[in-house]
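Trainee: Provided below for reference: sequence and predicted model.
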Protein chains: 2
Amino acid sequence: MSHQIKQAACVGAGVIGAAWAARLAWNGIDVKVLDPHPEAEARMADVLANAERAQAKLTMAPVSKRGQITVVREVKAAVEDAEFIQESAPEREDLKIKLFAEIDQYARPDVLICSSTSGLLPSKLQSAMKRPERMMVGHPFNPVYLMPLVEVVGGAKTAPANISRAMEFYRSIGMHPLHVRKEIDAFIADRLMEALWREALWLVNDGVATAEEIDDAMRFGPGLRWSFMGTFLIYRIAGGVEGMRHFMGQFGPSLKWPWTKLMDVPELTPELLDTICAQSDDQARGVSIRDLERKRDDCLVTLFQALKTQDYGAGKTLADYEKRLYAQAHAGTVAAAHDFSKPLRLYEATVAPDWTDYNKHMNESRYLQVFSNATDALLQLIGVDEAYTKRGLSFYTAETHIMHKKEVAALEPIHVETQVLGHDGKRLHVFATIRHSRTGDVLATGEQMLLHVDQAAGKVAPAEPQVIAKLAEIAKGQAGLPRPKDAGRAIGFGKPGAV
Amino acid sequence: MSHQIKQAACVGAGVIGAAWAARLAWNGIDVKVLDPHPEAEARMADVLANAERAQAKLTMAPVSKRGQITVVREVKAAVEDAEFIQESAPEREDLKIKLFAEIDQYARPDVLICSSTSGLLPSKLQSAMKRPERMMVGHPFNPVYLMPLVEVVGGAKTAPANISRAMEFYRSIGMHPLHVRKEIDAFIADRLMEALWREALWLVNDGVATAEEIDDAMRFGPGLRWSFMGTFLIYRIAGGVEGMRHFMGQFGPSLKWPWTKLMDVPELTPELLDTICAQSDDQARGVSIRDLERKRDDCLVTLFQALKTQDYGAGKTLADYEKRLYAQAHAGTVAAAHDFSKPLRLYEATVAPDWTDYNKHMNESRYLQVFSNATDALLQLIGVDEAYTKRGLSFYTAETHIMHKKEVAALEPIHVETQVLGHDGKRLHVFATIRHSRTGDVLATGEQMLLHVDQAAGKVAPAEPQVIAKLAEIAKGQAGLPRPKDAGRAIGFGKPGAV
């Protein structure tokens, strides 16, 4: 269906409507946006700018040519040519009922009409429509241009085939549609949000914790796990190899305890218990607790590393921790007695699973990262540390030549041996070898030419004397080492220049 | 404090106790673990194996030499030499009160004793101790070897200085300690978890949704946002530029609606409203809504990309979406009319913010990633596609030579131009240029030698005839192009081999 759709309508251009327009346009669909507000264009501009910025980062995959977004003032103009219609007007039932009747009147008969409402019932919203079978809720989450979830809820008169069509369309524009099978106020996600919110308000009301402390309790704790597994699967794992029934046995009684102020709890009957355990089994699809634990751990690690790039939340905790570890190690590197008559062994690592590609070997770009980290350690050793770079001076990589010798898999231990081949105050020529630390096998060699740069002047300039002196000390010590046979090698078919 | 600690005790070796031992040992601390269970070692082995696996992935920073973990059977043996004690026995108040009295008796007088209890009150747990001032709750989250949060809760007799010491220690082992200032059943995080859990049980009980659907509603929706911002900050953003008071005005009334089954809600008095808005202002620390939106978006994008490496949750949604985009683009590349008399322009990208390093320029390893993606596109074009690699045949990169010419910042548009310099059936010699797409400036050149490999035979072997034919067609077309001046260049100080 998505391939045919070239024209859509967004009814309402608030934060939600504008973000829908951005998502649709990004998928190559032209969008007419209805908003009677005189400043609709200006208000939308902020959301569209945010969306464009986020979309540029989201994927390196080649996306479609962006669709056009046009603001119109009349329902008819917005919807008459549309092949898909998304309504995001204010949350007033009476207003929406009238609006859907009007959209229904002008829209082509087979076009889907979905509402962004976060809690109103589609049966009511479709009540004044002549063709209610194509109307349903498609409830998105802020920011709509990024968040995957869209809850699809049909009303009494919605045709099941149209639910399927909407699910397929939402999937085609990069979303995760969830069919809410039973029509209920606030659907599923907002009910969970509301329950948690009510408890959070009690915690503030009772002076137990501040807004910030409550948010911290989530984002450094359970919120991390909820972001990829939800609550039932995490509790299944907590039950250990004995699984969900064991967990319910352990924590079932706390339902009667004042562990929240929200005491309207369901009775944990044998029937409800059976239902929960059976659904938990279905959800796990035979995956063992051990494998679920590992998936949980892998997701957590990758989340921490991701948030580290933002220096935020759990990523900041990891970054702060690593800063302490690196400071200790750099102090150790500088303080350690190095034998300069041998290649320097300044960097060790374990191949992270995330560094491997589809054939399970370390991806080629990670080799350069490893060489780069080893060169950083060498720079620390010669005094090109934080204080030095703060003076606006540093070495920049000008050239790199990598030769791949042997593959390496995730979790294997590796280290780098570095030889200084030359330096002249402005240039530093190094040759590094990545070895498997257990077998000693050479995995790759990397030759680099670095230039010493004065950033303020914007040009190559001599390093400070103490750095040159340290380099001279290392080069003198390593002078007796044989020149690596691959050093100075050019890429080609034998004779340089020949093809 | 962390630097002094060399020996700790873990009282209890269940999932929580064993994971504490793993975290402590990973930080270079020797740990005595008390567990009377005859299979304590075996049960711990599973947790320790998981922890070791996760820790190997967590950081590339150089960690301490791992501490020793020893199981002992008596409280005295576990705690008498310990400099820090963490209790993780079963959740029975009477048992814990006796246990703390016993630990207190054998532990050195100034040593901190922390309980992992998820809900029992420290004032009660410390009631039979002679030195209760050093006892408190340090409530961790599963898996303890990874999760940052630890809730620190003092009892009536806990000394404030000891709370600070515990916070500092937990921070030193990579955690995020949160001081729970008011002693309350289930503290903060578990109250939020319990409220959400009670609503989830209602949804199952009422047949609205299954365990899996509820988890999906979280992990594709609000759970993602909770993982880095929590609930108050996300709602502040939802309030738009008018902020928290606007949000509360919009959504305050829904507290009276049946949006959850949990109707014991606090009264939203003007005083409570003022408190919430003031706390929300404090939390935001003057950061604008626009900047918060961007931080939210950046965190979401990086989470999706992180989870994509696990092909899980929101990351799988993104992966599926990208698969469709790439399939479309590959089909387009193959179907498009290429002018083989020019360098091939097969790959375009926007520099992602996550590709840049501390000086805001694209990191060197990302250049290789870009070259690698461009070469992948070339391989698609010559018929080395999924079907081809499924036959066990592929090109592997043997060598790469990169020359950096000009820096490029985040969000700048770039593309790659590729020239085939030679091929002989088994080898493929390409020269690629990364250009800024707006200015046309050359940012870097990359020369690569690829080898065609038969994976089953484990050796270099000729490509299939149609691939060779396609390469010949391209090479013939490009034969008139000048040879790039940097092709075949060796790294060195002028004369090859000279230093």
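Mentor: Yep, it's here.

Trainee: contacts, neighbours, all on C-alpha from now
Mentor: OK.

Trainee: just the strands in the stretch 351-499 of chain A please.
Mentor: When secondary structure is read from DSSP state E, counting those that start in this stretch, the stretch 351-499 of chain A shows strands at A:393-404, A:413-423, A:427-436, A:442-454, A:459-460.

Trainee: helix/strand/coil for the nearest residue to residue A:25 once chain neighbours are set aside?
Mentor: Beyond its immediate neighbours in the sequence, the residue positioned closest to residue A:25 (Cα to Cα, 6 or more residues apart in numbering or on different chains) is residue A:67, lying 4.2 Å away. Put simply, residue A:67 is coil when judged by DSSP: H, G, I helix; E, B strand; the rest coil.

Trainee: Please tell me I have it right and residue A:67 contacts residue A:23.
Mentor: No - when contacts are counted by Cα atoms under 8 Å, residue A:67 is not listed as touching residue A:23 (9.7 Å).

Trainee: higher neighbour count, those two?
Mentor: For the pair residue A:67 and residue A:23, the greater number of neighbours falls to residue A:23 (26 against 20), based on other Cα atoms under 10 Å in any protein chain shown.

Trainee: got a list of what the more buried one touches?
Mentor: Residues near residue A:23 by Cα atoms under 8 Å, 6 or more residues apart in numbering or on different chains: A:51, A:144-146, A:173.

Trainee: run the last query once more with 10 Å
Mentor: With Cα atoms under 10 Å, 6 or more residues apart in numbering or on different chains as the criterion, the residues that contact residue A:23 are A:17, A:29, A:31, A:48, A:51-52, A:55, A:66-67, A:143-146, A:173-175.

Trainee: Compute the number of surrounding residues for residue A:252.
Mentor: By other Cα under 10 Å, 14 other residues sit near residue A:252.

Trainee: Now it. Nearest residue, chain neighbours left out?
Mentor: residue A:268 (7.5 Å).

Trainee: burial measure for that neighbour, as a count.
Mentor: Based on other Cα under 10 Å, the number of other residues close to residue A:268 is 16.

Trainee: Test my guess that it contacts residue B:201.
Mentor: Yes - under the criterion of Cα atoms under 10 Å, residue A:268 makes contact with residue B:201 at 8.8 Å.

Trainee: ok so, going back, restricted to helices, list the contacts of residue A:23.
Mentor: In this view, those that belong to helices under DSSP state H are A:17, A:48, A:51-52, A:55.

Trainee: Please check those and keep the buried ones.
Mentor: Of all the ones in helices among the contacts of residue A:23 considered here, the ones buried according to neighbour count by 16 or more other Cα atoms under 10 Å in any protein chain shown are A:17, A:48, A:51, A:55.

Trainee: In TSV, list these along with pLDDT and distance to chain B.
Mentor: Rendered in TSV, the data for those read as follows (pLDDT from 0 to 100; distance: Cα to the nearest Cα, whole Å):
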residue	pLDDT	distance to chain B
A:17	96	14
A:48	93	12
A:51	93	9
A:55	87	9
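
Trainee: Pick the one among those closest to residue A:157.
Mentor: Ranked by distance to residue A:157 (Cα to Cα), these are led by residue A:17 at 24.8 Å.

Trainee: Need the distance between the two termini of stretch A:392-412.
Mentor: By Cα to Cα, to the nearest Å, the extent of stretch A:392-412 from end to end equals 37 Å.

Trainee: any idea of the mean pLDDT for that stretch?
Mentor: Per-residue pLDDT values over stretch A:392-412 give a mean of 91.

Trainee: And stretch A:163-176, by the same measure?
Mentor: In this model, stretch A:163-176 has an average pLDDT of 97.

Trainee: got the contact list for residue A:243?
Mentor: With contact taken as Cα under 10 Å, 6+ apart, residue A:243 is in contact with A:233, A:235-237, A:277, A:280-281, A:288-289.

Trainee: and which of these is nearest chain B?
Mentor: Distance to chain B, by Cα to the nearest Cα, is smallest for residue A:280 among the contacts of residue A:243, at 6.1 Å.

Trainee: check which helix or strand covers the closest one.
Mentor: Assigned by DSSP states H and E, residue A:280 belongs to helix A:270-284.

Trainee: Equivalent analysis for residue A:137, please.
Mentor: Under the assignment given by DSSP H and E, the secondary-structure element containing residue A:137 is strand A:135-140.

Trainee: Do a quick rundown of the helices in the stretch 51-200 of chain A.
Mentor: Along the stretch 51-200 of chain A, the stretches classed as helices by DSSP state H, counting those that start in this stretch are A:75-79, A:93-106, A:122-125, A:160-172, A:189-205.

Trainee: Now the residue in the stretch 251-400 of chain A positioned nearest to chain B: closest residue in space, sequence neighbours ignored.
Mentor: For the stretch 251-400 of chain A, the residue positioned closest to chain B under Cα to the nearest Cα is residue A:399, at a distance of 4.5 Å. The shortest distance from residue A:399 to any residue other than its chain neighbours is 4.5 Å, reached at residue B:403 (Cα to Cα, 6+ apart).

Trainee: and if you look at residue A:484?
Mentor: Counting by Cα to Cα, 6+ apart, residue A:431 is the residue found nearest to residue A:484 once chain neighbours are left out, at 7.7 Å.

Trainee: hey, what's that neighbour bridged with?
Mentor: Listed beta-bridge partners, residue A:431: residue A:419, residue A:447 (assigned using DSSP bridges).

Trainee: Looks like it contacts residue A:445 (just checking).
Mentor: Yes - counting by Cα under 10 Å, a contact exists between residue A:431 and residue A:445, whose distance comes to 7.3 Å.

Trainee: Touching both of the two, which residues are there?
Mentor: The overlap between the contact sets of residue A:431 and residue A:445 (Cα under 10 Å, 6+ apart) consists of A:371, A:401-402, A:417-418, A:484, A:486-487.

Trainee: quick one: which of these is nearest to residue B:9?
Mentor: Minimum separation from residue B:9 among the shared contacts of residue A:431 and residue A:445 (Cα to Cα) is found for residue A:417, which lies at 39.0 Å.

Trainee: Would you mind confirming that the closest one makes contact with residue A:432?
Mentor: Yes - under the criterion of Cα under 10 Å, residue A:417 is in contact with residue A:432, at a separation of 5.5 Å.

Trainee: So for these two, which sits in the more crowded spot?
Mentor: Set side by side, residue A:417 and residue A:432 show more neighbours around residue A:432, with 27 against 19, by other Cα under 10 Å.
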